[in-house]
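Q: need the 3D shape of this:
(chains A and B)
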There are 2 protein chains.
Amino acid sequence: MKTKTLPGPVVGIVGGGQLGRMLAEAAAPLGIELVVLDPTPDCPASPVCRDQIVGAFDDPDSVHELAERADTLTFEIELADPDLLERVSEKFGVEVQPSPATLRMIQDKLVQKRALQDAGIPVPAFRAVDSPEELRAALDELGTPAMVKAREGGYDGRGNVPIEDSDEAEKVLEEIAGRAMVEEMVDFERELSVIGVKGSAGHSPAGDRTSSDKEDEIATYVAGENVHEEEILRETVVPARASGAVRERAQAVAREVLDLLEGRGVYGIELFEREERSPSECSSEERSDSRGNGKILVNEIAPRPHNSGHWTIEGARSSQFEQHVRAVCGLPLGSTELREPVVSKNILGDERDSRKATLSGVDRLLAEPLVHLHWYGKREVRPLRKMGHFTVLGGDQSVEELLESARTYRRHVEFEP
Amino acid sequence: MKTKTLPGPVVGIVGGGQLGRMLAEAAAPLGIELVVLDPTPDCPASPVCRDQIVGAFDDPDSVHELAERADTLTFEIELADPDLLERVSEKFGVEVQPSPATLRMIQDKLVQKRALQDAGIPVPAFRAVDSPEELRAALDELGTPAMVKAREGGYDGRGNVPIEDSDEAEKVLEEIAGRAMVEEMVDFERELSVIGVKGSAGHSPAGDRTSSDKEDEIATYVAGENVHEEEILRETVVPARASGAVRERAQAVAREVLDLLEGRGVYGIELFEREERSPSECSSEERSDSRGNGKILVNEIAPRPHNSGHWTIEGARSSQFEQHVRAVCGLPLGSTELREPVVSKNILGDERDSRKATLSGVDRLLAEPLVHLHWYGKREVRPLRKMGHFTVLGGDQSVEELLESARTYRRHVEFEP
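A: Got it, this is the predicted structure:
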C-alpha cells in the first residue's frame, strides 16, 4: 500500500485571516506548506506561509492560480464560492475539502437547518419567511420574541435581528434586506460548542476516534462553553460548566452532524443547552427521554476551524488547526484528548474609530506564567475586530478561576488611542 | 513606565536551519516577525518567516542588510561571526543577543572551559595542547584514553578524536589540523542536558523564575537525558532517569553557567553525570560533599536553542523557541514547567548517499496518537543529517515505555532510496 510521504502536499486556502495564520503555524511542523488567497495585501497568514495570492475570495483568476499552485484546496472563510471551487476542482483535478456542496449547504442558514432537521438532528423550531405575512404567521406558531435571520452572509451576529412583536415584521425584514428565516428564541442555560473533525476512511482507530476501512474517521473534542456579548464570542470555557451528561450529549449530537456533512476537515458546531422546562412545556418525546436529549439543539455549523476551538492549541493533544491540515491532506487524525482545563479569551478592538493597531501592556500579559498569547498581525484595529486571543491554563485552577484570571489579564493590555 | 507593544519587533537571525524554523513557528503567535540569513536558498526557516536573505553567515553585506531590516539580532548557529556582529551592532544601533562576547567565548572550547573553571563550575580536567610533546605530557597527567578536541569549529562530534595511547599524539593532532585541547575521558553514568534561559532584569518573578529589578531573570527546564550514538544525539528522555538529587544538582550547575554568561537568550547546557567512583578516586572535596556535587560536570554550552530541548515544544508550558524569542526581545520569560514526561527522537538521514529527501510511512507515524512530528523541510537527505524529529508523550507511560515507543515508531518511517 502506498504511504504518505514528506515533503507533504501544498495546501491552497481561500482566506488568509487569523484562521489561515494558525493553520500555517500548525502545518509547518507537519512539513506541509500553505498558499493563501486573500484580498488584503500582507494578510495575517502571509508572513508565516509559503505565499499569498492577493485577490478576492471569489475571483476566478485568483482561485485558478491557487489551484495551479496547490495539491489540495480548502477554505477558512464561508465567503468562498462553492460553484467556482467545484469548477476549479474538476478543471485542475485538485480535491477541495470539505466538499463545496457542504459549503453551499451551510452558506444558506435555511438549507442548513432543513438538512439538520431532515437528518433527525435537534434544532430550534424555524420557518422560511418570504414576506411580512409569512413572518407574522410564523410568529403565531413560534411565539415572540423570536430571531429573524438573513439566510446568507451573516456572521458574528450580523444578519440576526430579534423581533418582539408581529407589528415589527415589515421593519425587521427591511433591515434583513434579503432572503430570511425566523427561529424560536431559545431560552438557553448556556451556549456550547463542539469542534469536530472528519478524516479519511481506512486509518487505524486510536483514542476516541472511530473508523473502519469503509467509514470516515471522526473525532470530537470535549464540549466548550461560549460566552458571548453583543453576539461576539468573548470567552470559551473548557470543559463547559454543564453536567457530564449534557456534555456527552453535545458530543453525540456533534457526531451526528459530522456524519451528515460531506468532506474532510474541521467543523465548529455551535449548540444551545436549553433551560430546564416544566414537563408541560416539553414534547412527549422529550418527557420520555431520561438522557435529556431535548436539551441540546444545534444552532449553527462552520465548515472550518472555529474561534471557539482556539483553546485546542494548548489545551488538547492536537489542535483544531493541525487536525484540519491532517484531514484535508488525507492524513490520520491526531488525538483530541483534553490536556487540562483551559479558557480562551478574544482580544477584540474597542469602540473607538478604526486606526493603526498598537497594543500596549504586552509585557504585563506575558509575565503571567499561565498565559499563551496569539496575535493575528492585523494592522488596523476596528470596533470589535478580532485582533488576537490568549489562553489561560494550568496551575490547578478551576475553570471559574481560569475565567476570572482571563478577565483580569485582559485588562493588562489595551489598544493605544 | 513604557510597556512592550504589538506589533512586536522584527528579529534578525543569523542562520535559518531547523532552529530558525522552530523559532519562526514560536514567534508568530507572539506577533514577532523573523528575517533569517542563510546561504542555502529556501532554507528550512524560509517558508515560515517574513523573509530570507541568502548569504554566508559571515558575509558583511548580508549581515548589514539583516541589521537594517531588524530591530534586534540573534543567531541560531555558532558559525556566526562575533566581531562582525559587534561592528554591525554599533553601526546600526541594533542589539545582538546573546552578546557576541559570549559567542566568541563559546566558539573556542578551551576559552569556554577556562571560563567555566575560573567561575568554579565543575568541568572535566583539560589541558591546552599545541604540540605532540604537550599532548603527551598532558596524557601523563590525565591518563588514557582521553579526548582530543579541536578548539574551534567542531559540532555533532566532528573535531573530537579519542586517543588511546601517547604514541598516537602526532597522528591525532594531524587529524585535528588546528588548535587543540585534551580532556580526561569521563566515565559517565549518563549524559544530561539542561536548557536554560536568561531574560531581562526587572520583570516580575513567577513560578520557578528568579529575578529582581537588578538581576537578570533566569529560568531552567528540568534536566533531560541525552542518548548519543556515534556522537550524534538520537533521543532525549525527560525527566532524565537520574536521582532527584542529581537532576537538581544539574539544574543548579546550569544556573551557575547562566550567571556566568553575558546576554539574553536560550542556552543548551550539556553535562555529564559521572559514574560512581570509589572514595579513593575522589578528591577530598568530593568526598565531603553529601550532595554528590562531584558527580555533575559541564561538557559543553550552546548559546542558542538546542536539539536536546526540542521536547519543550509539547512537554513544557513554553518551548525553548518561545523563550529565546521572548528573551531576545526583552519580554518576560514564559513558564519552564514540565507538562508531562516526554521523549524526543531525531529523524536522521541514513547511511546511503546524499539524495532528494522523501520520507515514506508518514501516515503510519501520524496514526500514533501520542506522536508529534516536526519536519525541517530540508530537500536533501545526507548520512546522519538532522531531517526532523518527533516527540512521544502522554498516555500515562513511563519514560522507559515512551522511549521504547519512540524507537518502535521511528521504524514506521524511512527515506526512500
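
Q: what about the helices in chain A?
A: When secondary structure is read from DSSP state H, chain A shows helices at A:18-27, A:60-69, A:82-92, A:100-107, A:109-118, A:132-142, A:169-176, A:244-260, A:284-287, A:312-315, A:320-328, A:362-366, A:399-410.

Q: what would these look like in a markdown table with mean neighbour count and distance to residue B:106?
A: To be clear about C-beta, it is placed using only N, CA and C from the backbone, and glycine gets the same treatment. Rendered in a markdown table, the data for the helices of chain A read as follows (neighbours: other C-beta atoms under 10 Å in any protein chain shown; distance: least, C-beta to C-beta, whole Å):
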| stretch | mean neighbour count | distance to residue B:106 |
| --- | --- | --- |
| helix A:18-27 | 28 | 31 |
| helix A:60-69 | 18 | 43 |
| helix A:82-92 | 17 | 51 |
| helix A:100-107 | 20 | 54 |
| helix A:109-118 | 18 | 60 |
| helix A:132-142 | 17 | 73 |
| helix A:169-176 | 16 | 67 |
| helix A:244-260 | 19 | 52 |
| helix A:284-287 | 11 | 70 |
| helix A:312-315 | 26 | 33 |
| helix A:320-328 | 28 | 35 |
| helix A:362-366 | 23 | 28 |
| helix A:399-410 | 18 | 37 |
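
Q: of all the ones you listed, which has the lowest average per-residue confidence?
A: Within those, the stretch with the lowest mean pLDDT is helix A:284-287, showing a mean of 56.

Q: out of the helices of chain A, which comes closest to residue A:387?
A: helix A:18-27 (8.7 Å; C-beta to C-beta).

Q: quick one: check that closest one for contact with chain B.
A: Yes. Using C-beta under 8 Å from any C-beta of the partner chain, a contact is recorded between helix A:18-27 and chain B, made by A:21, A:24-25.

Q: please save the CA atoms from that helix in CSV.
A: Extracted as CSV, the C-alpha positions of helix A:18-27 are listed here (Å, rounded to 0.1, in the frame of the first residue of the first chain):
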residue,chain,number,x,y,z
GLN,A,18,-6.2,34.5,11.6
LEU,A,19,-7.5,31.1,10.9
GLY,A,20,-5.2,30.8,7.9
ARG,A,21,-2.3,32.1,10.1
MET,A,22,-2.9,29.5,12.8
LEU,A,23,-3.3,26.8,10.0
ALA,A,24,0.1,27.8,8.8
GLU,A,25,1.6,27.7,12.2
ALA,A,26,0.2,24.1,12.6
ALA,A,27,1.1,23.0,9.1
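
Q: other SSEs contacting that helix?
A: The criterion is 3 or more C-beta pairs under 8 Å, 6 or more residues apart in numbering or on different chains; DSSP states H and E, and the helices and strands that helix A:18-27 contacts are strand A:10-14, strand A:33-38, helix A:320-328.

Q: let's see that with 6 Å instead.
A: Secondary structure elements in contact with helix A:18-27, counted by 3 or more C-beta pairs under 6 Å, 6 or more residues apart in numbering or on different chains; DSSP states H and E, are strand A:33-38, helix A:320-328.

Q: and the angle for the last one with helix A:18-27?
A: Using axes from the mean of the first three to the mean of the last three C-alpha atoms, to 10 degrees, one finds that helix A:320-328 and helix A:18-27 are set 70 degrees apart in direction.

Q: which residues sit against helix A:320-328?
A: Applying C-beta atoms under 6 Å, 6 or more residues apart in numbering or on different chains, the contact partners of helix A:320-328 are A:22-23, A:26-27, A:32, A:72, A:74, A:97, A:195, A:197, A:199, A:264-266, A:305, A:309, A:312, A:333-334.

Q: in CSV: the residues of helix A:18-27 next to chain B, plus distance to residue A:345.
A: CSV is the format used below for the residues of helix A:18-27 next to chain B (distance: C-beta to C-beta, whole Å):
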residue, distance to residue A:345
A:21, 18
A:24, 22
A:25, 19
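
Q: what's the closest of the residues you listed to chain B?
A: Within the residues of helix A:18-27 next to chain B, the smallest distance to chain B is 5.4 Å, found for residue A:25 (C-beta to the nearest C-beta).

Q: right, and the closest one touches residue B:26 too?
A: No. Judged on C-beta atoms under 6 Å, residue A:25 makes no contact with residue B:26 at a distance of 9.0 Å.

Q: neighbours of residue A:411, how many?
A: When neighbours are counted by other C-beta atoms under 10 Å in any protein chain shown, residue A:411 registers 10.

Q: cool, the one 4 residues further on as well?
A: Taking other C-beta under 10 Å as the neighbour definition, residue A:415 ends up with a count of 20.

Q: find the nearest non-adjacent residue to it, please.
A: Distances taken as C-beta to C-beta, 6 or more residues apart in numbering or on different chains place residue A:381 nearest to residue A:415, at 5.1 Å, with adjacent residues excluded.

Q: ok, the one you found - contacts?
A: A:349, A:357, A:387, A:415.

Q: the first one contacts residue A:385, correct?
A: The reference is to residue A:349. Yes. Between residue A:349 and residue A:385 there is a contact at 4.0 Å, judged by C-beta under 6 Å.

Q: just checking: what are the partner strands of the strand of greatest length in chain A?
A: Secondary structure of chain A read by DSSP state E shows that its longest strand is strand A:188-201. Taking DSSP bridges as the criterion, strand A:188-201 pairs within the sheet with strand A:216-220 (antiparallel), strand A:224-229 (antiparallel), strand A:265-274 (antiparallel).

Q: where does chain A have low pLDDT?
A: Judged by pLDDT under 70, chain A has its weakly predicted residues at A:1, A:155-157, A:202-214, A:278-294.

Q: can you list the residues of it near chain B?
A: Applying C-beta under 6 Å from any C-beta of the partner chain, we find that chain A lies next to chain B at A:3-6, A:25, A:28-31, A:33, A:47-48, A:50, A:203-204, A:206-207, A:331-332, A:335, A:358-363, A:366-367, A:369, A:373-375.

Q: mind giving me the domain split of chain A?
A: With automatic domain parsing as the criterion, the domains of chain A are listed as A:10-96, A:125-184, A:188-328, A:342-415.

Q: nearest residue to the middle of chain A?
A: When chain A is reduced to its mean C-alpha position, the closest residue under C-alpha atoms, centre = their mean turns out to be residue A:306, at 2.9 Å.

Q: picking up where we left off before, in ChimeraX, select just the buried ones from the residues of chain A next to chain B.
A: Remark: buried members of the residues of chain A next to chain B, expressed as a ChimeraX selection using 16 or more other C-beta atoms under 10 Å in any protein chain shown:
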select /A:4,5,6,25,28,29,30,31,33,47,48,50,203,206,331,332,335,359,360,361,362,363,366,367,369,373,374,375
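
Q: number of residues surrounding whatever residue of the stretch 51-200 of chain A ends up closest to chain B?
A: When C-beta to the nearest C-beta is the measure, the stretch 51-200 of chain A has its nearest residue to chain B at residue A:51, with 8.6 Å between them. The burial metric for residue A:51, expressed as a neighbour count using other C-beta under 10 Å, is 15.

Q: wait, doesn't it sit right on residue A:34?
A: No. Between residue A:51 and residue A:34 no contact is recorded; they are 8.4 Å apart, counting by C-beta under 6 Å.

Q: quick one: contacts of stretch A:249-260?
A: For stretch A:249-260, using C-beta under 6 Å, 6+ apart, the contacting residues are A:119, A:121, A:192, A:194, A:196, A:198, A:218, A:220, A:223, A:269, A:271, A:296.

Q: hmm, I was thinking of stretch A:218-232
A: Under the contact criterion C-beta under 6 Å, 6+ apart, stretch A:218-232 has outside partners A:156-157, A:190-198, A:209-210, A:233-241, A:247, A:250-251, A:254, A:258, A:308, A:316, A:333, A:336, A:338, A:384.

Q: and the residue of the stretch 251-400 of chain A found nearest chain B, what is it in contact with?
A: For the stretch 251-400 of chain A and chain B, the shortest gap (C-beta to the nearest C-beta) falls at residue A:375, measuring 3.1 Å. Residues near residue A:375 by C-beta under 6 Å, 6+ apart: A:388, B:6, B:31.
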